[in-house]
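Participant: Build me a model:
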Amino acid sequence: MPAITVRFLGLAALSAVILLNTQAMIHIGHFFSGPSLTQAAVASTFHTAAEDKRQSIPKIIHQIYHNGQDHSNETLPADRDEVHHSCTTTNPDFEYRLWTTNSSRQFVETHYEWFLETYDSYTCPAQRLDTLRYFLMRHYGGIYIDPNYSCSRDIQPLLYYPAWVMDSHHGISGARPHHPYWVMIIESLAPRGHRFQSPNLPITHSGGPEFESAVWKRYHTQLPTKPRKEDRVYRIKMGHREEAFFKPNARFKNPWDNNFEYIALGCLLLFAMFTLWVARSWQARKTHQREYQRLLLARDQAGGYGTV
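Facilitator: Now for the predicted structure:
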C-alpha cells in the first residue's frame, strides 16, 4: 500500500477521533448547563429554612427491574433487594414503587398508548428502562433511583426542587408531575428513536445520555432569561461520601454500559497511531532504498564506492 494512502487513512482516523471527542465534550457541556447545587447545600438549606419552602416532588421512590429471563418473575434478586431496603429504611414515609416487565408495559399501554409500538419495537432492553424512567417522571413525579445506587440518608431535602438530575449521572433524577422538561423529553422520544438503526447507538441516542443531553440543551435554550422556579431543572453535584444522599453500588456497574462511543474513540485512536507509524516506516524504507540505489550508482560510475 503506498505511503500516501496509509498516511491518509491515519489522518482520517485521527480527524474522526477529534470530531467525536469534540461532540462528546459538547454534550458534556450541554449537560452541565443550568443552575447547580451541591448535596451539602441542599441538606443545609432544608434544615435551616424548611418552613419557608414548599414541597414540589411527591414522596415516591421509583425503581425498575426487568427480569430478562423470566418476565413473569416480579421478585427482586437478593442483592438488588438490599438497594430497595436501603431506600425504604432511610425513607420510611416514602411510597416505594417497583416497575417490573409486566407492570411497566401495562403502564405505557394504559397511559401512553401512542408510544406502545415504539416501546415494544426497541431491540435493546436498556432502551425500555431509559424511556420508562422519563414517562414515570412526567406522569407521577417522584425520585427515580437506578439499582446501581442505594440511599445513604433521608432524601426528603430533594423534594423541594421542582426537577433535578444528579450531575451527569443518568440513573438518578427527581421531578414534580408534568414538569415541562420531562414533557419535552417524552415528546422527543418517538421521532428520535427511529433515526438510529445501528446495534449500539440507539442506547445512547434514542433514549440514553446523548438523547437526554440534547433535550437538556434545547430545553434550557428555550427558557426565558429569568424562568419561573417551578420550570427550572437543577443539577445536583456529587459530593463527598458523608454529604451524599446516594452511594454507588459497584457490583451492579457495568463498565461497558453506554460507553460504545468511548470504545470507538479508543479504537480509532489506536488505528490512527498504527497507520501513521506504518506510513513513517514505509517512507523511511523508501528513503533508505533511494539512498542505497544512489550509492550503488556512484560506486558503478567510479569503479568503487566513490572517489577519495
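Participant: shouldn't residue 140 be in contact with residue 57?
Facilitator: No. Residue 140 is beyond contact range of residue 57, at 10.2 Å (criterion: CB atoms under 8 Å). All C-beta atoms are positioned from the backbone trio N, CA, C, and that covers glycine.
Participant: Which one of these two is surrounded by more residues?
Facilitator: The neighbour count for residue 140 versus residue 57, taken as other CB atoms under 10 Å, is higher for residue 57 (23 against 19).
Participant: give the contact list for that one.
Facilitator: Listed by CB atoms under 8 Å, 6 or more residues apart in numbering, the contact partners of residue 57 are 141, 142, 143, 158, 159, 160, 161, 162, 174, 175, 176.
Participant: Could you tell me which ranges of the stretch 201-308 of the chain sit under the pLDDT cut-off?
Facilitator: 201-207, 239-243, 250-266, 268, 272, 285-286, 288-308 (pLDDT under 70).
Participant: tell me the strands in it, going along the chain?
Facilitator: Counting by DSSP state E, counting those that start in this stretch, one finds strands in the stretch 201-308 of the chain at the ranges 234-237, 246-248.
Participant: out of these, nearest to residue 279?
Facilitator: Between residue 279 and the strands of the stretch 201-308 of the chain, the tightest spacing by CB to CB is seen for strand 246-248, at 43.5 Å.
Participant: Just the pLDDT for residue 31.
Facilitator: pLDDT for residue 31: 49.
Participant: Quick check: closest non-adjacent residue to residue 138.
Facilitator: residue 182 (3.9 Å; CB to CB, 6 or more residues apart in numbering).
Participant: cool, residue 151 as well?
Facilitator: Counting by CB to CB, 6+ apart, the residue nearest residue 151 is residue 87, at 4.0 Å.
Participant: Next, the contact list for the one you found, please.
Facilitator: Listed by CB under 8 Å, 6+ apart, the contact set of residue 87 reads 61, 63, 94, 96, 145, 150, 151, 155.
Participant: isn't the second one right up against residue 98?
Facilitator: Yes. Contact criterion CB under 8 Å: residue 63 and residue 98 qualify, at 5.5 Å.
Participant: Perfect, that will be all.
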